[in-house]
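J.: Predicted coordinates and the sequence they were generated for:
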Amino acid sequence: MTPILATSLTIGGAGLACSGLLALAARFLSVEEDPRVEEVTNILPGANCGGCGFAGCANYAEAIIVDNAAINLCAPGGADVLKSLADMLGQTAQAAEHKVAIVLCNGDTANAPRKFEYNGVADCHAAHAIGGGDKLCSYGCLGYASCARVCPVGAIEMTGGIAKVHPDLCISCTACVKACPRQLIKMVPSARTIHVLCSSKDKGPAVKKACKVGCIGCTLCTKQVDDEQIKMEGFLAVVDYAKPLDSDAPIEKCPTHCIVRT
Amino acid sequence: MKFWKELVKGLWKENPIFRLVLGMCPALAVTTSVENSLGMGLAATFVLICSNAVTSLLRNLIPAKVRIPCFIVVIATFVTIVDMLMDGFAHELHKSLGIFIPLIVVNCIILGRAEAFASRHPLWLSIADGIGMGAGFTLGLVVLGATRELLGAGSITIWGHLKWTLVGYEPMILMILAPGGFIALGCLLGGMNHLQARAAKRRGTIFSPPAHLDCRSCTMCTFGK
Amino acid sequence: MSDLTIVSSSPHAHSGTSVQRIMLDVIVAMLPALAAAIYFFGWDAVRLVSACVLACVAAEAVARKWMGRDLGVYDLSAVITGMLLAFNLPPSLPTWMAVVGSVFAIVIAKQLFGGIGYNPFNPALAGRVMLLISFPVFMTSWSQWVIPAPIGIDAVTTATPLGLVKTAVLSGGALPFTFNSSTALQLFLGNQNGCIGEVSAAALLLGGLYLLWRRCISWHIPGAYLGTVAIFSGILWLLNPEQNLSPLFHVLAGGLMLGALFMATDMVTSPVTKRGMLVFGAGCGVLTMLIRKWGGYPEGVSFAIILMNAITPLINRATRPRVFGGVKSGKKTS
Amino acid sequence: MGATIATFRSPGGIHPAYHKDLAAEQAIREMPLPSALIVSMSQHLGKPAIPTVKKGDSVLRGQVIGSPAGFISAAVHAPTSGTVKLVAATPTASGPRADAITIDPDGEDTWIDGITPCPDWRQLEKADIVNRIAAGGISGMGGAGFPTHVKVSPPPETLIDTLILNGAECEPYLTADYRLMLEHAAQIWEGALIIARALDAHTIRVAIEDNKPAAIAAMQAAIPAEAGDAAVVALKTEYPQGAEKQQIFAVTGRTVPAGGLPLSVGVVVENVGTTLAVWDAVVNGRPLTERVTTVTGGSIVQPANVRARLGTTYADLVAFCGGTTGPVAKIISGGPMMGFAQADTSVATTKTTSGLLLLGPDAVHAYESQPCVSCGRCVGVCPMNLMPNELSQFLEAEDYEAAEAYNVMDCMECGCCAFECPAHRPLVQHMRRGKAQVMLNRRKQ
């Protein structure tokens, strides 16, 4: 009988003492944290892509609860996450327009010649800093995949020496936009499919020399649209994504085929 | 059927050793022979099933803040039972497993299943989970133990009766020493990843290993960056 | 190649050196020791060296192909690994064991860590240590002594000089032989038993001098290593000449020359700073002598270098040079 | 006073093949006016000058066509008389575009009115000397191009006791400074006296590498009697002896603090070419409109030291030197260690163009970045005591914080590490990228 009694007493005593400690800890050491922060963190997808402008999902969750940040900033989460957040916080869901990244350059190896043989670090920033990049066009995609390396979901593929974003894989995190030393990547509404795939601000003759599919600033496309959906910025035709456009006329008229439907 | 699903997931999809990489301490320490591996695996399985069942039954009674101490008490109880039972009925095995039987208390698989599964699911699913995970754990240990014993001792012996011997093979003692455990586990994990990557390729999907098994999460070399 | 000019970052000049060139120099430096090995051990040396080199190169090619990397055998590093591993094997070792050691050295100790430049441990030593732990009987039997020992150390026909000393010390007996100038000469020339590449200190020194001349290695690691061993054993000898042999014996015997000149100086696994190299060499020396004197094995060179390999990153960090014009200690300069 | 040999006591350094024999014995040749001059507004460190002329204006030699855009900037003058053909953004030798003025020379080469010589500069106030240097648009001609009037007007509380004339010319191939020292030793010494007077420096040292004994002798023979504590110091031949901080250490034994300026140890270093330009501007009143450039390399028919107007295109320089032999694989503006590779010869010379190098395919080194094998050679040769091996690995992993902690900002891009690297890693390019990114991150904070 004695061993059983001793065991029971030891275990029971230890348990009692520890529970006392736990009670004290719960009373004096507890940290006040809004439980909703954790709930929001659980709702967010956990990609930590930084597309919302905060360092990670947990930071964004804290910002939503503490600073009343907008709840529609999480692009990877999409409509589902927005709805869950809205339900949880009792707000109305106002979905932000779904945007995807696009590389505004179509000058692949076949179309855009190089001006020298680059020999060095395979990184767009490094290549851009040496002699202004090895592409004859000083605005075009250098093709050293700096954007593809930062893409958290592998949505950017290097084909023919230039980067292409797969719109259906893009989670709108904007990491690639920040990574491009030539600012070629733009976020555009995913519903829009007609783009001017050129960013060269050079005059027509210079563009012609540098690239077969560059915008030469002929303004033909702007005359095919009725509401300035495409307008000129200097010598470059630019799509105004705020206005709807669904006409093949600019595509057909463009002499260098730099306007395409994706 | 849900019961069946929870039962088989531990064998392959969420195998505690090869996929979750949990319970590494016994996986490296006791797998010097198949016999030890089997003993360790069965002991852990017993504790896992019992603790899952009890945790599941108590899940609505345990306050959230002190759930970990409660789980530990439950687990410790069953570990003590197993420890005493083995000492009584399999004394030799108990002696060769030594400290690793009491150490089951802090095995992350058992605590992990209590926290992640049993405290959120009903009794019968928790028991299924316990059986599956325990079997997966045992399977992992036995595979590892068989590899190491075969290469390190040149033969496999179970309870002195069953014995297979590699004829004409000079045992590599390294494999039953501690470094052999790491090498065997690493090679088996690598092989698993390779097989899955090939299977995924055949299916036309992309295999992405868990982060802790992925080349990209390691900073040793620039491969895969 | 196109007719475009090449544009790269400065500098536009290069010393002309390359990894392959350095590796080739190391191979050349090992040739005297290889010749000595063939002279002393004959067919066994040829058998082991060719088996190890072929196995290493094949393992490197297969492993790299299997891992989806470009074929990297042209840098000749696998050849060096093979030769060094063979140099560290006893002449009687079965060929298949040498092959197992080679595959382990290349696949486990080198390619799995990322290939050349990324391996934390010297692959050849990792291979040898693996063999030593796995097959201790085969790795410490010295039966195939072909050239009879002419003078002095008759007993070395059955064991290495260091092995004899260890046995004597473990059994509490007196030293097994007297060490004088003629035995020293025998050790220096290589007339002793041991691993095939380690016996001739003279041939190894010749190769080491070639490496120093080609500036493939600096004097810091071998100097600190040999110096520390000499000082350590010298102190022991002065304290108790009855139980300890002279520093000259410790410098010439066993694998110390091979280790200090060819294995501790391996670029990838040794520190990059000069101060770090001195620390590394001294550490190797102390560990070697600790194992020789008080350890379970008669020889400690392999273990000493492997252990120091492990803390090489730490040594590099601790001996980071102070930036020119920078303040003392690790304070931030700005 | 005798020449003293200073050993190179600061860390690191390499011994590249010098190839100086190609152009060393070629006396400086005057180059006739080319058909067009492209004068960049960014010829110096700091903000580019602002163009003050427009298309169609006619200009005279020495006329200000670009006014300094702030304190650390320098004026740009018309290198000859003629008509402005174009004002447009043009690529520079170092890459980024800057405004450049294209001038059509009229062949008269008429100097602008108001050039006032001042042979008795000893009567001038210090401020007047600085003003004449600033009006001359002079900036460092060794390579970095720091505006000279800023250098010679240190803050009043700073005491400068030593002026070092940098004639080391440690870059392989280049011989322009060597020829200047041989042919204009007296004028260089007078320029040195002028700068020393502006600085109140009582000690003048001329630092020359000991592989140029003729220049050492010439400068030695020309030491003026009034110079006081003046001497020629022969430096051990080793790259980079011409680097400012390393040279100060070799000559005076003083260590410039990391991240600090030579001023903080009481020293000013001026290139010998700059000193000659200072002499011209102060004594003759003529602004900087031309410089001596070494046109050399295996692909040049007649390697030469050419005195050409600023704005002469590289194509004109090459044509003046007899054109090229065989295919040209690399065009380098400056020396092989720190110069900038060019895509073609359309770029024009500036105040910093010390050399133009055309190399054939056999002389070109290719970077094939292999994994670092930790041989430690880069650590041994780094004059700044950095660890390029670790730094390049941090930068490959884009870990800029670690790179900053390992003092990437102290790298001066001398190229010793990449020169010695057996794995052919583009170490300097990694450093450049790292420095740029660290600067960017600092600005963000």
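T.: Alright, I've got the coordinates.
J.: Just give the nearest non-adjacent residue to residue D:320, would you?
T.: Leaving aside its sequence neighbours, residue D:320 sits nearest to residue D:31 (CB to CB, 6 or more residues apart in numbering or on different chains; 5.2 Å). All C-beta atoms are positioned from the backbone trio N, CA, C, and that covers glycine.
J.: just checking, that neighbour touches residue D:317?
T.: Yes - counting by CB atoms under 8 Å, residue D:317 is a contact partner of residue D:31 at 7.4 Å.
J.: How about residues contacting the least confident helix or strand in chain B by mean pLDDT?
T.: Scoring the helices and strands of chain B by mean pLDDT, DSSP states H and E places strand B:162-165 at the bottom, with a mean of 81. Strand B:162-165 is contacted from outside by B:150, B:154, B:155, B:156, B:157, using CB atoms under 8 Å, 6 or more residues apart in numbering or on different chains.
J.: how about residue 232, secondary structure?
T.: You didn't pick a chain, so chain A it is. Three-state call for residue A:232 (DSSP: H, G, I helix; E, B strand; the rest coil): strand.
J.: meant chain D actually
T.: Per three-state DSSP, residue D:232 ends up strand.
J.: what number of residues lie near it?
T.: For residue D:232, the number of neighbouring residues by other CB atoms under 10 Å in any protein chain shown comes to 25.
J.: Assign a three-state SS to the nearest residue to residue D:404 once chain neighbours are set aside, would you?
T.: Of all residues not flanking residue D:404 in the chain, residue D:438 sits nearest, at 5.1 Å (CB to CB, 6+ apart). At residue D:438 the chain is in helix, as set by three-state DSSP.
J.: got a list of what residue D:438 touches?
T.: D:400, D:403, D:404, D:408, D:409.
J.: Overlap of the contact sets of residue D:31 and residue D:317?
T.: By CB under 8 Å, 6+ apart, the residues touching both residue D:31 and residue D:317 are D:306, D:308.
J.: So the two - more neighbours on which side?
T.: Neighbour totals were compared for residue D:31 and residue D:317, and residue D:317 leads with 23 against 20 (other CB under 10 Å).
J.: what's near enough to touch residue 89?
T.: The chain I'm using is chain A. Residue A:89 touches A:36, A:40, A:64, A:71, counting by CB under 8 Å, 6+ apart.
J.: let's do chain D instead
T.: With contact set as CB under 8 Å, 6+ apart, residue D:89 has these partners: D:97, D:98, D:99, D:100.
J.: Go ahead and report the secondary structure state at residue D:84.
T.: strand.
J.: ok, how many other residues are close to the residue in the stretch 201-334 of chain C positioned nearest to chain A?
T.: Nearest residue of the stretch 201-334 of chain C to chain A, counting by CB to the nearest CB: residue C:272, 21.3 Å away. When neighbours are counted by other CB under 10 Å, residue C:272 registers 25.
J.: Leaving out the residues flanking it, which one is nearest to it?
T.: residue D:376 (3.1 Å).
J.: May I have the phi/psi pair for that neighbour?
T.: Main-chain dihedrals, residue D:376, degrees, to the nearest 10: phi 80, psi 10.
J.: shouldn't it be in contact with residue C:267?
T.: Yes - contact criterion CB under 8 Å: residue D:376 and residue C:267 qualify, at 7.3 Å.
J.: got the contact list for the residue of the stretch 201-334 of chain C closest to chain A?
T.: Residue C:272 makes contacts with C:316, D:374, D:375, D:376, D:379, D:387, D:389, as judged by CB under 8 Å, 6+ apart.
J.: Now rank the contacts of residue D:89 by neighbours and give me the top one.
T.: Busiest of those [other CB under 10 Å] is residue D:100, holding 28 neighbours.
J.: rewinding a little: what's the pLDDT at the residue nearest to residue C:272?
T.: Residue D:376 carries a pLDDT score of 91 in this model.
J.: In the stretch 151-300 of chain C, which residue sits nearest chain B?
T.: For the stretch 151-300 of chain C, CB to the nearest CB, closest residue to chain B: residue C:268, 11.9 Å.
J.: of all of the stretch 201-334 of chain C, which residue lies closest to chain D?
T.: Closest point on the stretch 201-334 of chain C to chain D, by CB to the nearest CB, is residue C:272, at 3.1 Å.
J.: for the stretch 51-200 of chain C, what are the low-confidence residue spans?
T.: Under the criterion pLDDT under 70, the flagged ranges of the stretch 51-200 of chain C are C:143-158.
J.: how is the chain carved up into domains?
T.: If you meant another chain, say so; for now it's chain A. Domain assignment of chain A by automatic domain parsing yields the ranges A:35-89, A:99-261.
J.: My question was about chain C, not that one.
T.: Following automatic domain parsing, one finds the domains of chain C at C:19-139, C:165-318.
J.: Could you do chain D as well?
T.: D:4-25+D:116-284, D:377-444.
J.: and residue C:171, which of those domains is closest to it?
T.: domain D:377-444 (48.6 Å; CB to CB).
J.: Next SSE downstream of the strand or helix carrying residue C:86?
T.: Taking DSSP states H and E as the criterion, the element that holds residue C:86 is helix C:77-87. Sequence order places helix C:95-103 as the next helix or strand after helix C:77-87, per DSSP H and E.
J.: Please identify the buried residues of that next one?
T.: For helix C:95-103, a neighbour-count test (16 or more other CB atoms under 10 Å in any protein chain shown) marks C:97, C:98, C:99, C:100, C:101, C:102, C:103 as buried.
J.: do the same with stretch D:318-331
T.: Under the neighbour-count criterion of 16+ other CB under 10 Å, stretch D:318-331 has D:318, D:320, D:321, D:324, D:328, D:329, D:330, D:331 buried.
J.: out of those residues, what pair is the most spread apart?
T.: Maximum distance among these (CB to CB): 21.5 Å, for D:320 and D:329.
J.: Those residues of the stretch 1-150 of chain A touching chain B, which are they?
T.: With CB under 8 Å from any CB of the partner chain as the criterion, the stretch 1-150 of chain A meets chain B at residues A:15, A:18, A:19, A:22, A:26, A:149.
J.: can you list the residues of chain A near chain D?
T.: A:115, A:116, A:119, A:120, A:121, A:123, A:125, A:126, A:129, A:130, A:131, A:132.
J.: Nearest to residue A:210 among the residues you listed?
T.: residue A:115 (8.5 Å).
J.: Now do the contacts for the closest one.
T.: Residue A:115 touches A:131, A:134, A:135, A:136, C:4, D:343, D:344, counting by CB under 8 Å, 6+ apart.
J.: Look up phi and psi at it.
T.: Phi and psi for residue A:115, reported as degrees, to the nearest 10, are phi -100, psi -20.
J.: rewinding a little: weed out the non-buried ones from the contacts of strand B:162-165.
T.: If you count burial by 16+ other CB under 10 Å, the buried members of those come out as B:150, B:154, B:156.
J.: Please look at residue D:424 and residue C:14 and confirm they touch.
T.: Yes - the criterion here is CB under 8 Å, and residue D:424 meets it with residue C:14 at 7.3 Å.
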